[in-house]
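Novice: need a structure here:
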Amino acid sequence: MSNLSLYASVGSDLTHYDVDIETGALTRGGSVTLPANVQYVWPHVSRRFLYAASSNSASGMGPAGDRHHVTALRVDPASGALTQHGAPIPLPTRPIHMATDVPSTHVLVAFSNPAGIGVYAINPDFTPGVEVVQTGPIDPGIFAHQVLATPDNRLVILVTRGHDAAKGKPEEPGALKVFAYDNGRLSNEQSVAPDGGYGFGPRHLDFHPSKNWIYASLERQNEVALFERTADTLAPEPKFRKTTLAGSGASGHRQMVGTVHVHPNGRFVYVANRASGTVDLGGRRLFAGGENTLAVFAIDPASGEPTLIQTADTHGIHPRTFHIDPTGRLLAVGHIQGITLRDSTEVPTRLTTFRIGDDGRLSFLRGYDIETGGRFLWWMGLLTR
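Specialist: Presented below is the predicted three-dimensional model:
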């Protein structure tokens, strides 16, 4: 048994897998069931607990549910197995993303529809606690998708995606909402929205481990952007914007980016390309086409410029989440769903693992088909105990 665990959610069930970091092999363990479908999970800084956000709301702009929670889970230090720790706390609406601040004294929650941000104390017994009431006004933007504290814990950034123009409605702009952060309190909001946020649809971001560089994936533009931080502000415009696609992305069907992660050594950045649209052919819904890949970028050590060096097939459909192990040797991908290809090949919902080379490039190791019972594999992550 290794000290590296993979956790993956299917609907409301969160399952533990033991990971062999040398071979990429996964050994399935037990599961815990959350109050509703898992939305996101984040570890306490001690690695002894996980915090899981759950909701029965539909994704996107779909119908709102009535069960939204954050639940603490205890991690067994020997096996990685999970058990519920204390009672869940209720939330007002769907928590699309959550994290803790750096010392894990508070839980940060991003709400998608309507957009919002909530900060909740973590109790001395590690259970989630009461909401911190903010004293100043907050503009949460349009369709928040991620919230993160900066590595120095001085700022919190709420990533708001906006929406493309559709069905007669004009485009709604995206932005990075940057707040000064002090023990649960948000203040001095800065809105980073190039060109007013039009043509700018950020979904996720990640931080370089040693430079003041922030890499944001732009879902609606299929790009990765680099923003520079100076003191407690972000530059109003990205220093670089680069496509994540190997092709033109002009299939006529929806193509999106997803999660972005910087390698622990700071030399590479990875972005997920996602496609799962279907077409009706002979009464069957078949894959419309598109890129389900990981875009691998080399980072220039002087300027931070990302240069595309590989687009690696993820061996699945719609890679919504992926994670890099802390040693930087293994990358694991969670695919949200299965699909039928035009040649009638059935591609199941899958977890896949990859070796990360010294040059940052990815080599496929293993794939694991996941039985979902019609549910989505919505989230996965790696944790070193």
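
Novice: measure residue 334 to residue 259 for me?
Specialist: Applying C-beta to C-beta, to the nearest Å, one obtains 10 Å for the distance of residue 334 from residue 259. From N, CA and C alone the C-beta is placed, and that goes for glycine too.

Novice: Please read the previous query as pertaining to residue 351.
Specialist: Relative to residue 259, residue 351 is positioned 15 Å away (C-beta to C-beta).

Novice: what is in contact with residue 334 and residue 259 at once?
Specialist: Common neighbours of residue 334 and residue 259 are listed as 320-322 (criterion: C-beta atoms under 8 Å, 6 or more residues apart in numbering).

Novice: So which residue is smack in the middle of this protein?
Specialist: Central residue check for the chain by C-alpha atoms, centre = their mean: the C-alpha nearest the mean position is that of residue 259, 4.7 Å away.

Novice: Let me see the contact set for it.
Specialist: The neighbourhood of residue 259, defined by C-beta under 8 Å, 6+ apart, consists of 203-204, 217, 271-272, 320-322.

Novice: Can you give me the end-to-end span of stretch 290-307?
Specialist: Criterion C-alpha to C-alpha, to the nearest Å; first-to-last residue distance in stretch 290-307 is 21 Å.

Novice: What of stretch 253-271?
Specialist: With C-alpha to C-alpha as the measure, stretch 253-271 spans 19 Å from end to end.

Novice: same question, stretch 57-65
Specialist: In stretch 57-65, first residue to last residue: 4 Å (C-alpha to C-alpha).

Novice: which residues are contacting it?
Specialist: Outside of stretch 57-65, the residues within contact range by C-beta under 8 Å, 6+ apart are 36, 55-56, 68, 93-94, 113.

Novice: run the last query once more with 10 Å
Specialist: 36-37, 39, 54-56, 66-68, 93-96, 111-114, 143, 163, 336, 376, 378 (C-beta atoms under 10 Å, 6 or more residues apart in numbering).

Novice: May I see the PyMOL selection of the buried members of these?
Specialist: Paste this into PyMOL to select the buried members of those, with burial taken from 16 or more other C-beta atoms under 10 Å:
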select buried, resi 36+37+39+54+55+56+67+68+93+94+95+96+111+112+113+143+163+336+376+378
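
Novice: residue ranges for the strands of the stretch 101-250 of the chain, please.
Specialist: When assigned using DSSP state E, counting those that start in this stretch, the strands of the stretch 101-250 of the chain occupy the ranges 106-112, 115-122, 128-131, 144-149, 155-160, 175-182, 185-192, 202-207, 213-218, 223-230, 233-234, 240-243.

Novice: What strands flank the shortest one, and is each parallel or antiparallel?
Specialist: Sheet pairing of strand 233-234 (DSSP bridges) gives strand 223-230 (antiparallel).

Novice: Please apply the same query to the first one.
Specialist: The partner list of strand 106-112 in its sheet, established with DSSP bridges, is strand 95-100 (antiparallel), strand 115-122 (antiparallel).

Novice: ok so, going back, which secondary structure element contains the residue nearest to the centre of the chain?
Specialist: Taking DSSP states H and E as the criterion, the element that holds residue 259 is strand 256-262.

Novice: Kindly report the same for residue 42.
Specialist: Since the elements are taken from DSSP H and E, residue 42 ends up inside strand 37-43.

Novice: so how far is the helix or strand just after that strand from its chain's centroid?
Specialist: Tracing the chain past strand 37-43, the next element assigned as helix or strand by DSSP H and E is strand 49-55. For strand 49-55, the gap between its own C-alpha mean and the chain's C-alpha mean amounts to 14 Å (C-alpha atoms, centre = their mean, to the nearest Å).

Novice: what residue ranges in the stretch 151-300 of the chain are flagged as low confidence?
Specialist: Where the stretch 151-300 of the chain drops to pLDDT under 70, the residues are 248-252.

Novice: Centre of the protein to the edge, which residue is at the far end?
Specialist: residue 282 (35.7 Å).

Novice: and that residue, how far is that from residue 344?
Specialist: Distance, residue 282 to residue 344, by C-beta to C-beta: 11 Å.

Novice: Residue 31 now?
Specialist: To residue 344, residue 31 is 32 Å away according to C-beta to C-beta.

Novice: what do you get for residue 71?
Specialist: The gap separating residue 71 from residue 344 is 41 Å, by C-beta to C-beta.

Novice: Kindly state the beta-bridge partners for residue 310.
Specialist: Assessed by DSSP bridges, residue 310 has beta-bridge partners residue 296.

Novice: I figured it hits residue 271, correct?
Specialist: No: counting by C-beta atoms under 10 Å, residue 310 stays clear of residue 271, with 11.4 Å between them.

Novice: Could you check which of those two is surrounded by more residues?
Specialist: Between residue 310 and residue 271, counted using other C-beta atoms under 10 Å, residue 271 has the larger neighbour count: 31 against 18.

Novice: so that one bridges to which residues?
Specialist: Where residue 271 sits in a bridge, its partners, by DSSP bridges, are residue 260, residue 295.
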